[in-house]
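[1] A predicted structure for the sequence below; I have some questions about it.
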Amino acid sequence: DPPAASKDLLSIFVLGRHLASNGTLLEIGLQRDIEIQTVKFVAENLYLLPPETLAMLAQGIENAPPRVNVRECVEIEKGGSTGWFTYKLEEILAAAPGDDALPRVRRLFGSVIGWDESEVEEMIRACGGTAEGMLAQVQQADPLFTAWKRVSEAPPENLAAEADALDKLVQESPNVFGLV
């Protein structure tokens, strides 16, 4: 039943748009994947759909909620990563200053990011072996987000140059967190 199938496809398409409403990069990626799969399915089955069903699909896509773009997620990602880690590290340091903070820092990075013990230890060493050093590195990641924002806002003719500048900044940055 093509009309029922097209309603299902539109529901999936709209769900993808709603998934991205919080504006995180993961959600925007899911939105993109759902849109690609929906369009691919329609394209592969185009010959099976009568013109009125195709018109209904086109109208439904046109009336779907607006697409959330990557440029809209940069500030959310920054707040959810460097902003949140800054808050949590400051909280840990207030509760347990100095070396007493390190076990909590290990748990934080192990559980939130999913780093194994050796990765956490490597990061702590790279940050001077202290929770204060980790906090300083997290706070110094802001220029990377500023460059990422420039990429996300770049017009097509400047996109490659901005992306190359971000890549170079990430590669040359002494910041151990990059764009965690």
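    Received the coordinates, thanks.
[2] what are the phi and psi values for the nearest residue to residue 25 once chain neighbours are set aside?
    Once flanking residues are discounted, residue 25 sits nearest to residue 73: 5.1 Å by Cβ to Cβ, 6 or more residues apart in numbering. All C-beta spots, glycine's among them, are computed from the backbone N, C-alpha and C. Residue 73 adopts backbone torsions of phi -100, psi -10, taken as degrees, to the nearest 10.
[3] separation between residue 73 and residue 81?
    To residue 81, residue 73 is 11 Å away according to Cβ to Cβ, to the nearest Å.
[4] more neighbours: which of the two?
    It is residue 73, of residue 73 and residue 81, that has more neighbours when counted by other Cβ atoms under 10 Å, with 23 against 19.
[5] quick one: the more buried one and residue 171, what's the gap?
    According to Cβ to Cβ, residue 73 and residue 171 sit 23 Å apart.
[6] distance check, residue 1 against residue 50.
    11 Å.
[7] so for those two, which residue has more residues nearby?
    residue 50 (11 against 8).
[8] hang on, that one packs against residue 5?
    No - if you go by Cβ atoms under 8 Å, residue 50 and residue 5 don't touch, sitting 11.2 Å apart.
[9] which ones are touching the spatially most central residue of the chain?
    Among the residues of the chain, the one closest to the centroid is residue 25, at 2.3 Å (Cα atoms, centre = their mean). Residues in contact with residue 25 (Cβ atoms under 8 Å, 6 or more residues apart in numbering) are 70, 73, 77.
[10] tell me the one among those residues nearest to residue 59.
    Nearest to residue 59 out of these is residue 70 (Cβ to Cβ; 26.8 Å).
[11] just the helices in the protein please.
    Applying DSSP state H to the chain gives helices spanning 2-19, 25-44, 51-62, 74-78, 84-95, 102-112, 117-126, 131-139, 142-153, 156-172.
[12] now the longest one: buried residues?
    To tie it back to what came earlier, the one meant is helix 25-44. Of the residues in helix 25-44, 25, 27-28, 31, 34-35, 38, 42 count as buried by neighbour count, 16 or more other Cβ atoms under 10 Å.
[13] and which of those is nearest residue 13?
    Proximity of the buried residues of helix 25-44 to residue 13 was ranked by Cβ to Cβ; the top entry is residue 38 with 4.9 Å.
[14] residues contacting the closest one?
    So residue 38 contacts 9, 12-13, 16 (Cβ under 8 Å, 6+ apart).
[15] so what secondary structure elements neighbour the helix or strand bottoming out on mean pLDDT in the chain?
    The weakest-scoring helix or strand in the chain, judged by mean pLDDT, DSSP states H and E, is helix 74-78 (a mean of 81). On a contact count with 3 or more Cβ pairs under 8 Å, 6 or more residues apart in numbering; DSSP states H and E, helix 74-78 meets helix 142-153.
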